[in-house]
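1. Have a look; sequence and predicted model below, questions after that.
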Amino acid sequence: MSAISRFRARLISFELDASDGVQMVHIEDGVLSLSGSKIAGVQSTAEYLGQGGDIEACEDLRPALIMPGFIDTHLHAPQYRIMGAFGTRLLDWLEKYAFPAELAFADAQYAAAEAEHFVNTMLANGTTSSQLFTTTHAHTCDALFAAAAKRNLCLIAGKVMMDQNAPSGLLSAAEVCARETQTLIDRWHHRGRAAYALTPRFAITSSERQLDYCRGLRQANPTVLVQTHLSENPEELAEVSRLFPGAKDYLDVYESYNLLGPSSTFAHCIHLSDGERSRLFDSQSKVAFCPSSNLFLGSGLLDVAEIPWDNFSVASDVGGGTSLSMLTTCAEAYKVCQLKNRTLHPYELLYAATAGNAKALSLEQEVGQLKEGFWADFIVVDAEHDIALRKTNWGLEHLEGALFSLIMFGGRQNILRTYVAGELVHGGAS
Ligand SMILES: [Zn+2]
């Protein structure tokens, strides 16, 4: 029989109601019970006591909040160390910073050490599930999956597929790349909490031959996911139309190779035509909104009002993005949306970063909410860490205001503890 742990705290999580929009599920004084790696109960303390529960058996974490761990739908593990690289936009940024950073991963020992460090940093920021890019090197993919498996962490990842328009050390010929990808799928897909995502970087770095292999891999492995970039920057768009003269638009490149669908995540999607948007949404594909990256690289402002919740997710896009923290990512999302005349409520932002992103990755029955039977992936949050957080937040009620302040002023310093599958993986007794 597995051990039961119980925590007393303010419990919050978020859900999308078809008629009322995003709602917060809030228990001001609650007990979260775990049984091994799963959540066994979420109830008020009064209810717990009414059922004969022993309050001495609960670790009292009040006034801290317990909420689901964050989920990041798009980022690049090997770019962690180049966050904040100065002075370029997308294509030059790739040449000058991203590709050299990824070339360093040719050294398998370096890749393994970086994977450990990266996973620990992600957990310190309260992110407990993610979908990420590795590098072209199969051993980087192995190292990240291994680091996640060691912690029973939910990870979706893939080897980056590139066979043109990048340094030779990062290219792999279409056939070789497909073979290595299949080996990685066989090794990692649906092993424990891992899942594999086919990862063509973007249209510019894959030949038609490679995209054709990608289609074949998807056909042979129908449950793998797909992650790539789409319509991030005007120079990129011009280059895609030069390289694929037969395509009617950027989306058509991916569409022709059967890469759209409910398990496909397209990062950015800023400069889409109306036609591309409706085809993308009709296919149930997911958009990863990457506000920090879009601002930092000057790529543009996504019009979030155009995107249905069913197709929406929010992501850090490290290292184009400048923070691994999903709180900071939500703050940047708020600001981008203000510029597009759409005000996102704190509940909407926190929904997106938890249950919404879980849905985008088809994990909504497993993570993203505090619910009985879900994985015990959660964070203990100090919502009063900084003096700024104790101020009244004008225009919002108390808890709404505190959560909005947490988003705007908070970050890694507010994550007191992170639990994955019921185990403490970051932080400890305060
Ligand atoms: Zn990206």
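-> All right, it came through fine.

2. count of neighbours near residue 232?
-> Using other Cβ atoms under 10 Å, the number of residues around residue 232 comes to 28. The C-beta positions use only the backbone N, C-alpha and C, and glycine is treated the same way.

3. If you could redo that for residue 186, that was the one I meant.
-> By other Cβ under 10 Å, the residues close to residue 186 number 11.

4. Shouldn't it be within a strand?
-> No - with DSSP: H, G, I helix; E, B strand; the rest coil as the criterion, residue 186 is helix rather than part of a strand.

5. That one and residue 316, how far apart?
-> Separation of residue 186 from residue 316 (Cβ to Cβ, to the nearest Å): 29 Å.

6. Ok, residue 35 next?
-> Applying Cβ to Cβ, one obtains 32 Å for the distance of residue 35 from residue 316.

7. Give the residue from those two that has the larger number of neighbours.
-> Neighbours around residue 35 and residue 316, counted as other Cβ under 10 Å, are more numerous at residue 316. The numbers are 33 against 17.

8. List the residues that contact that one.
-> With contacts taken as Cβ atoms under 8 Å, 6 or more residues apart in numbering, residue 316 has the following neighbours: 72, 74-75, 290, 292-293, 323-326, 329.

9. run the last query once more with 10 Å
-> With Cβ atoms under 10 Å, 6 or more residues apart in numbering as the criterion, the residues that contact residue 316 are 70, 72-76, 83, 122, 125, 127, 130, 132, 288, 290-293, 322-326, 328-329, 332, 353.

10. For the stretch 1-150 of the chain, which segments count as helices?
-> Ranges of helices within the stretch 1-150 of the chain are 45-50, 90-93, 99-103, 108-124, 138-150, based on DSSP state H, counting those that start in this stretch.

11. Can you give me the buried ones in the fourth one?
-> Of the residues in helix 108-124, those scored as buried under the neighbour-count criterion (16 or more other Cβ atoms under 10 Å) are 111-112, 114-115, 118-119, 121-124.

12. repeat for the first one
-> Buried positions in helix 45-50, judged by neighbour count with 16+ other Cβ under 10 Å: 45, 48.

13. tell me the average confidence for that helix?
-> For helix 45-50, mean pLDDT is 98.

14. which strands and helices sit next to it?
-> Using 3 or more Cβ pairs under 10 Å, 6 or more residues apart in numbering; DSSP states H and E as the contact criterion, the neighbours of helix 45-50 among helices and strands are strand 4-17, strand 21-35, strand 38-44, strand 58-68.

15. Indicate which one of those strands is closest to the ion.
-> Across those, the ion has its closest neighbour in strand 58-68 (23.8 Å, Cβ to the ion).

16. Which other helices and strands does that closest one contact?
-> Secondary elements touching strand 58-68 (3+ Cβ pairs under 10 Å, 6+ apart): strand 4-17, strand 21-35, helix 45-50, strand 378-381, helix 398-409, strand 415-420.

17. In TSV: these, plus distance to the ion.
-> Below are these laid out as TSV (distance: least, Cβ to the ion, whole Å):
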stretch	distance to the ion
strand 4-17	25
strand 21-35	26
helix 45-50	43
strand 378-381	24
helix 398-409	22
strand 415-420	24
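
18. Name the nearest residue to the most centrally placed residue in the chain, sequence neighbours excluded.
-> Nearest to the mean C-alpha position of the chain, counting by Cα atoms, centre = their mean, stands residue 72 at 1.2 Å. Sequence neighbours aside, residue 130 is the residue nearest to residue 72 in space, at 4.2 Å (criterion: Cβ to Cβ, 6 or more residues apart in numbering).

19. how many neighbours does that neighbour have?
-> Other residues within reach of residue 130, judged by other Cβ under 10 Å, total 27.

20. So what sits opposite it in the bridge?
-> With DSSP bridges applied, the residues forming beta bridges to residue 130 are residue 72, residue 155.

21. Next to the ion, which bits of the stretch 251-400 of the chain? Give me the list.
-> With Cβ under 5 Å from the ion as the criterion, the stretch 251-400 of the chain meets the ion at residues 267, 317.

22. let's see it at 8 Å
-> Within the stretch 251-400 of the chain, the positions near the ion by Cβ under 8 Å from the ion are 267-268, 288, 290, 293, 315, 317, 320.

23. again with the stretch 101-250 of the chain
-> Contacts of the stretch 101-250 of the chain with the ion, taken as Cβ under 8 Å from the ion, map to 133, 229, 232.

24. Residue 74 is in contact with the first one, correct?
-> Yes - applying Cβ atoms under 10 Å as the test, residue 133 and residue 74 come out as touching, 8.1 Å apart.

25. Number of residues surrounding residue 69?
-> Using other Cβ under 10 Å, the number of residues around residue 69 comes to 27.

26. what sits against the closest residue to it other than its chain neighbours?
-> Once flanking residues are discounted, residue 69 sits nearest to residue 128: 2.8 Å by Cβ to Cβ, 6+ apart. Residues near residue 128 by Cβ under 10 Å, 6+ apart: 68-72, 122, 151, 153-154, 354, 367-368, 375-379, 418-421, 425-426.

27. 8 Å - rerun?
-> 68-71, 153-154, 367, 377-379, 418-420.

28. any chance of those residues in JSON lines, with distance to residue 107 too?
-> Conversion of those to JSON lines gives the following (distance: Cβ to Cβ, whole Å):
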{"residue": "68", "distance to residue 107": "36"}
{"residue": "69", "distance to residue 107": "31"}
{"residue": "70", "distance to residue 107": "30"}
{"residue": "71", "distance to residue 107": "30"}
{"residue": "153", "distance to residue 107": "24"}
{"residue": "154", "distance to residue 107": "27"}
{"residue": "367", "distance to residue 107": "33"}
{"residue": "377", "distance to residue 107": "32"}
{"residue": "378", "distance to residue 107": "36"}
{"residue": "379", "distance to residue 107": "33"}
{"residue": "418", "distance to residue 107": "29"}
{"residue": "419", "distance to residue 107": "33"}
{"residue": "420", "distance to residue 107": "28"}
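
29. Considering these, which possesses the most neighbours?
-> Ranking those using other Cβ under 10 Å puts residue 377 first, with 33 neighbours.

30. Just want the phi and psi numbers for that one.
-> The phi and psi torsions at residue 377 (degrees, to the nearest 10) take the values phi -110, psi 100.
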